[in-house]
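1. Show me the folded form of this:
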Amino acid sequence: MLLYLNWSLTLITVAILAVFGGGMTVAFQRIRPLFRERGKLYAEVSGRLNETLGGIRVVEGLHGGEARAARVRARRRTSCSATSPRP
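-> Reported below is the predicted structural model:
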């Protein structure tokens, strides 16, 4: 239909689209490896961060035992006193 209406405009449009498509193909072929490398670096950094934060939690758990036990005892006292019948 477009070729019938204006063949020169149709050919120019097809040529522009072909150049644009070819340019995009070349660009993505060059950019794709960069994104893969970026993904690998991101995964490595994210893994190290998770390991570090996990280690911090373990250390806090090992060294915060007495403080945690005191908080549990205090909560138990308040919850028991709140639920026990008053004389």
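
2. Mind giving me the packing neighbours of the helix of greatest length in the chain?
-> Scanning the chain for the helix with the most residues, using DSSP state H, yields helix 7-63. Applying 3 or more CB pairs under 8 Å, 6 or more residues apart in numbering; DSSP states H and E, we find helix 7-63 packed against helix 2-5. Glycine gets a C-beta too; all of them are placed from N, C-alpha and C.

3. Packing partners of the helix it packs on?
-> Using 3+ CB pairs under 8 Å, 6+ apart, helix 2-5 is in contact with helix 7-63.

4. Low-confidence ranges, this protein, go.
-> Per-residue confidence for the chain (pLDDT under 70) gives these ranges: 1, 59-65, 79-87.

5. sorry, back to before: ok now the longest helix of the chain, how far from the chain's centre?
-> Mean C-alpha position of helix 7-63 versus that of the full chain (CA atoms, centre = their mean, to the nearest Å) differs by 13 Å.

6. All further residue positions should be reported with the first residue as 58.
-> Right, with 58 as the first residue, what we last looked at is helix 64-120.

7. Which phi and psi values does residue 63 adopt?
-> Main-chain torsions, residue 63, degrees, to the nearest 10: phi -150, psi 100.

8. Tell me who's in contact with residue 59.
-> Taking CB atoms under 8 Å, 6 or more residues apart in numbering, we find residue 59 in contact with 66, 67, 70.

9. Excluding sequence neighbours, find me the nearest residue to the first one.
-> The shortest distance from residue 66 to any residue other than its chain neighbours is 7.5 Å, reached at residue 59 (CB to CB, 6 or more residues apart in numbering).

10. Repeat that for the last one.
-> For residue 70, ignoring the flanking residues on the chain, the nearest one in space by CB to CB, 6+ apart is residue 59 at 7.7 Å.
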